[in-house]
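Engineer: predicted model follows, preceded by the sequence.
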2 protein chains.
Amino acid sequence: MEQLQKLPGIGAKGAQRIAFHVLKNPRDDAEQLCGAIRDVKERVTYCSTCNNITDADPCVFCTGPTRDQRVICVVEEPQNVMVVEKTREYRGLYHVLMGTLSPLQGVGPDDLKVRGLLERVGAGGVDEVILATSPTVEGEATALYLARLLRPLGVRASRIAMGVPVGSDLEYADEVTMTRAMEGRRDI
Amino acid sequence: MEQLQKLPGIGAKGAQRIAFHVLKNPRDDAEQLCGAIRDVKERVTYCSTCNNITDADPCVFCTGPTRDQRVICVVEEPQNVMVVEKTREYRGLYHVLMGTLSPLQGVGPDDLKVRGLLERVGAGGVDEVILATSPTVEGEATALYLARLLRPLGVRASRIAMGVPVGSDLEYADEVTMTRAMEGRRDI
């Protein structure tokens, strides 16, 4: 139970439930769980090109024959790759920064995978870099910082749209989001 | 308590609390509350131009000397005017539709204040109509419907941006919103 409680989202009660669940169920199930946990640490690594998690280096996105090599979507964390991928619309490559610029927490450009991105763009063949960091203060600052670095390389830098989320009621839009939604309006 | 429970968001417990509050406090407070409630019904009406709530007809937006008469922002309900107004960026006029198209609930164009909008645009002097209905199915359908009616009048019709809300983490963006955020990306 002590070990289980170290995991995120599992408290004392949850750890107890899981412990008793393991106790009650067959030994095979427990072995499979152990195997999966070990596998993660042994087989899953980071792609040396885009820093996404992968079990083969380079990853499926970097080597995918159907992926558009001219577009790179920059995200903060590996789990954000899944968010963009779920749209089923994006067919380009990715680059995971492994965080955002955060001077207050001592995270500077050298702590992120910025150099790798610039090398990939500098190698040529890239038309557009989509900066898909979160619409937070840190994410915005990181996007602006990267845009400034990318401009001299002659590549188009774009930022994902901020606005009212699809399916939401306008009544619940905050001022800043509503301001962005008005600024970013498009002809229909 | 029976009367109070008819109000939205007030249940049995809340009604009881309010009733005892009124009982305990001075008669003057009760009179003021009654006065405010009566005033709403007597003094607040709808603007004959934009259908926003107002105590003077036409309303402060329609007659405001600092408001830009060339832009009309179309919203569903009077409370949405407040949402746009809170951005402190928009200086144009408004037009409240009093609902959205909803065929399943029997709401057609004639049940909304569509004709008034077309008359205002048709009278000239308007360059752009911003369709700021909610990013829901009904709101989108209404915006597209209006855009089709406005096009022959030679006015620019625009739609507020859909995308990731400012301050949110990308991790929580749903697929449809993320798709819109990617589609609506802009150069920086």
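Structural biologist: It's in.

Engineer: buried set for the longest strand belonging to chain A?
Structural biologist: Secondary structure of chain A per DSSP state E: the longest strand is strand A:68-75. The neighbour-count check on strand A:68-75 (16 or more other CB atoms under 10 Å in any protein chain shown) flags A:71-75 as buried. All C-beta spots, glycine's among them, are computed from the backbone N, C-alpha and C.

Engineer: just the residues you listed that are near chain B?
Structural biologist: A:V75 (CB under 8 Å from any CB of the partner chain).

Engineer: farthest-separated two in the buried residues of strand A:68-75?
Structural biologist: The most widely separated members of the buried residues of strand A:68-75, counting by CB to CB, are A:V71 and A:V75 (13.1 Å).

Engineer: which residues does the residue lying closest to A:C47 once chain neighbours are set aside contact?
Structural biologist: With CB to CB, 6 or more residues apart in numbering or on different chains as the criterion, A:C47 has its nearest non-adjacent residue at 3.8 Å, and that residue is A:C59. By CB atoms under 8 Å, 6 or more residues apart in numbering or on different chains, the contact list for A:C59 reads A:47, A:49-50, A:52-53.

Engineer: in which helix or strand would I find the residue positioned nearest the centre of chain A?
Structural biologist: By CA atoms, centre = their mean, chain A has its centre lying nearest to A:N80, at 2.6 Å. Using DSSP states H and E, A:N80 falls within helix A:78-85.

Engineer: got the CA positions of that helix in PDB?
Structural biologist: Taking Å, rounded to 0.1, in the frame of the first residue of the first chain, the C-alpha atoms of helix A:78-85 are listed here in PDB:
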ATOM      1  CA  PRO A  78       4.400  13.600 -24.800                       C
ATOM      2  CA  GLN A  79       0.800  13.300 -23.700                       C
ATOM      3  CA  ASN A  80       0.000  16.400 -25.800                       C
ATOM      4  CA  VAL A  81       1.000  14.500 -28.900                       C
ATOM      5  CA  MET A  82      -2.000  12.300 -28.200                       C
ATOM      6  CA  VAL A  83      -4.300  15.300 -27.900                       C
ATOM      7  CA  VAL A  84      -3.300  16.600 -31.400                       C
ATOM      8  CA  GLU A  85      -3.300  13.100 -32.800                       C
END
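
Engineer: which strands or helices does it pack on?
Structural biologist: strand A:68-75, strand A:92-96, helix B:175-183 (3 or more CB pairs under 8 Å, 6 or more residues apart in numbering or on different chains; DSSP states H and E).

Engineer: buried residues, the top helix by length along chain A. List them.
Structural biologist: Criterion DSSP state H: the longest helix present in chain A is helix A:27-43. Using 16+ other CB under 10 Å as the test for burial, helix A:27-43 gives no buried residues.

Engineer: what's the first helix or strand after that helix?
Structural biologist: Heading C-terminal from helix A:27-43 (DSSP H and E), you reach strand A:45-46.

Engineer: got the contact list for that next one?
Structural biologist: Residues from elsewhere that reach strand A:45-46 (CB under 8 Å, 6+ apart): A:52-55, A:57, A:78, A:96.

Engineer: can you give the strand pairings for that strand, parallel or anti for each?
Structural biologist: strand A:53-54 (antiparallel) (DSSP bridges).

Engineer: could you give the mean pLDDT of the strand it pairs with?
Structural biologist: Mean pLDDT, computed over strand A:53-54, is 92.

Engineer: just how off-centre is it within its chain?
Structural biologist: Remark: strand A:53-54 is offset 12 Å from the chain centroid, using CA atoms, centre = their mean, to the nearest Å.

Engineer: could you do stretch A:11-19 as well?
Structural biologist: The gap between where stretch A:11-19 is centred and where its chain is centred comes out at 30 Å by CA atoms, centre = their mean.

Engineer: would you mind writing the CA trace of that stretch as PDB?
Structural biologist: What follows is stretch A:11-19, C-alpha atoms only, in PDB (Å, rounded to 0.1, in the frame of the first residue of the first chain):
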ATOM      1  CA  GLY A  11      -4.600   7.900  -1.900                       C
ATOM      2  CA  ALA A  12      -4.800   5.800   1.200                       C
ATOM      3  CA  LYS A  13      -8.200   4.400   0.400                       C
ATOM      4  CA  GLY A  14      -7.400   3.700  -3.200                       C
ATOM      5  CA  ALA A  15      -4.100   2.000  -2.300                       C
ATOM      6  CA  GLN A  16      -6.000  -0.300   0.200                       C
ATOM      7  CA  ARG A  17      -8.600  -1.200  -2.500                       C
ATOM      8  CA  ILE A  18      -5.900  -2.100  -5.000                       C
ATOM      9  CA  ALA A  19      -3.900  -4.100  -2.500                       C
END
